[in-house]
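[1] Quick one, what's the 3D model for this:
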Amino acid sequence: AIAAALWDVDALLTKRDQLIAKKRDLKHAAMQQLLTGHRRLSGFREPWDERALQSVVTRLEAGVSVRSVEGDGGGADCFVLKTSAVADGNFDASERKPVIPGDRGRVRCPVRAGTVLVSRMNTPDLVGEVGFVDRDHPNSFLPDRLWAASVPKGAVSARWLSYVLSSSEYKQRLRDVATGTSGSMKNISKGAFLGISVKVPTLDEQSAIAQVLSDMDAELVALEARSDKTRQLKQGMMQALLTGQIRL
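    Below you'll find the predicted structure:
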């Protein structure tokens, strides 16, 4: 009876994992179609312009290298981001380290809402990763290995640009322009980054595309949260049922 109860939870987890994988595949397919113009959303017919990123990005700045410590810092109020803070178009504000007191006066480039963070220096598999920042993080600052890309307001959607740069096509382009003699670390120059061309729809279409993909992301986050909660429930069930603390 205990085994059957735990088996049912495993079956539920398997179904949820399959659903998450399916939703993730659907999102990748939607990115491929919507971000290239192969499929247009209803109501949009204007032609797209092909432009270099230098005409889309108004500012590209990096932070500086500062000394930091691992952990939460015990109430520290000055942090530097890890390069792992950006991945697949997403920004994880918790991926940061406290800056030591002696270097807090050297930090620059606080994390600002509406910017796209780009990993300009990283391992070959992670260089060029991006993440969209949806709100200000005034106590968190960029390291020298991350860029913050700003776009002209009223002309370009930063969220749309983050989806473009995190698509499989542009991930590969960014890795292709990365250079470096070390096999373990690659670097993207500012000129190479700004020279990459993108197909740019109108601002309204950019916003509509970004909204569709953002809704899909929100659904994935909710499904993953439910799956995590079920896994925690299973661990609790195992602890209680397999030790006799709770009897069926």
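
[2] Just read off the phi/psi values of the nearest residue to Pro124 once chain neighbours are set aside.
    Of all residues not flanking Pro124 in the chain, Lys186 sits nearest, at 5.2 Å (C-beta to C-beta, 6 or more residues apart in numbering). Every C-beta, even on glycine, is put in place using the N, C-alpha and C of the backbone. Phi and psi for Lys186, reported as degrees, to the nearest 10, are phi -120, psi 160.

[3] residues near Lys186, how many?
    By the criterion of other C-beta atoms under 10 Å, Lys186 has 23 neighbours.

[4] hang on, isn't it packed against Leu174?
    No. Here Lys186 does not reach Leu174: they are 9.7 Å apart, not a contact under C-beta atoms under 8 Å.

[5] list residues touching both of these two?
    Val127 (C-beta atoms under 8 Å, 6 or more residues apart in numbering).

[6] Just list the residues touching Asp134, thanks.
    91, 113-114, 159.

[7] Mind listing the residues bridging to the closest residue to Gly180 other than its chain neighbours?
    Leaving aside its chain neighbours, Gly180 sits nearest to Lys186 (4.5 Å; criterion: C-beta to C-beta, 6+ apart). When assigned by DSSP bridges, Lys186 has beta-bridge partners Asn122.

[8] May I have the residues that are in contact with Lys186?
    By C-beta under 8 Å, 6+ apart, the contact list for Lys186 reads 121-124, 127, 175, 178-180.

[9] Kindly indicate which of these lies nearest Leu248.
    Of all those, Thr123 has the smallest distance to Leu248: 49.0 Å, by C-beta to C-beta.

[10] And the strands in this protein?
    Remark: strands assigned in the chain by DSSP state E are 49-52, 59-62, 79-81, 86-87, 90-91, 96-98, 110-111, 116-119, 121-122, 130-132, 137-141, 146-150, 186-187, 197-200.
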